[in-house]
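# Turn this into a model:
(2 chains)
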Amino acid sequence: RKEVEQDPGPFNVPEGATVAFNCTYSNSASQSFFWYRQDCRKEPKLLMSVYSSGNEDGRFTAQLNRASQYISLLIRDSKLSDSATYLCVVNDYGGSQGNLIFGKGTKLSVKP
Amino acid sequence: DGGITQSPKYLFRKEGQNVTLSCEQNLNHDAMYWYRQDPGQGLRLIYYSQIVNDFQKGDIAEGYSVSREKKESFPLTVTSAQKNPTAFYLCASHSGGLNTGELFFGEGSRLTVL
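Here you go, the predicted structure:
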């Protein structure tokens, strides 16, 4: 079974800290990778796509390591509003067409 | 505004009853999806549809049924055959191939079986 694994956390960090999450995936044929953010009892929303060359959006940086089959998300200068669950999402290339595989999420709690 | 609307947000059902969750989108997206989320768990795919009048089973389709008679609508019926229906149900849509772009989610429907 193709899997996406994440450390569930929680990661408890003070405001201003830098925090990093990793996610490993088992399907070496996967082509597309995403980080979604899910607030408590809300729907997931796309945070950022992860490109082969790595990409940055403000305080957020995503990296892909195909050789080791993991992706990472780095959050710099954490804000209270960053508190959420971060879902790693990988497309199930070669499997069910149209299927994205979601990790169980990593919970982040940013404290004052 | 364009988006996905799910209803109802909260639903209580007695054991043995079927219930239908509504999902409507005005984004003109071809593909629509139903996911189930349990506490502390990732999203699991129930059914998806890439075009009108066609849909495919996902990983946990047993006890569920769907229809796609219109592009805008993808209702999910939770039947009495579903053993553990209490969960958070999320509908989503996408405009094209999943290699690019984002999956848009509705606000979810929280179903509780009494």
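
# Could you spell out the sheet neighbours of the lowest-mean-pLDDT helix or strand in chain A, each with its direction?
Across the helices and strands of chain A, mean confidence by mean pLDDT, DSSP states H and E is lowest for strand A:100-102: a mean of 86. Strand A:100-102 pairs in its sheet with strand A:84-91 (antiparallel), by DSSP bridges.

# So what touches the least confident helix or strand of chain A?
The contact list for strand A:100-102 (C-beta atoms under 8 Å, 6 or more residues apart in numbering or on different chains) reads A:2-4, A:25, A:27, A:34, A:36, A:44, A:87-92, B:35, B:42-45, B:98, B:103. From N, CA and C alone the C-beta is placed, and that goes for glycine too.

# Would you tell me what the next helix or strand after it is?
strand A:106-111 (DSSP states H and E).

# how about the residue nearest the centre of chain B, secondary structure?
The centroid of chain B falls nearest to residue B:34 when counting by C-alpha atoms, centre = their mean (2.8 Å). Of the three states, residue B:34 takes strand under DSSP: H, G, I helix; E, B strand; the rest coil.

# Can you report how many residues lie near the closest residue to it other than its chain neighbours?
Leaving aside its chain neighbours, residue B:34 sits nearest to residue B:46 (4.3 Å; criterion: C-beta to C-beta, 6 or more residues apart in numbering or on different chains). For residue B:46, the neighbour count with other C-beta atoms under 10 Å in any protein chain shown is 26.

# What helices and strands are in contact with the helix or strand containing residue B:46?
Using DSSP H and E, residue B:46 falls within strand B:43-51. Contact partners of strand B:43-51 among helices and strands, from 3 or more C-beta pairs under 8 Å, 6 or more residues apart in numbering or on different chains; DSSP states H and E: strand A:100-102, strand B:31-37, strand B:54-57, strand B:64-66.

# Compare the mean pLDDT across those and name the weakest.
Among the helices and strands packed on strand B:43-51, strand A:100-102 has the lowest mean pLDDT, at a mean of 86.

# Check the offset of it from the chain's centre.
Centroid separation between strand A:100-102 and its chain, computed with C-alpha atoms, centre = their mean, to the nearest Å, is 11 Å.
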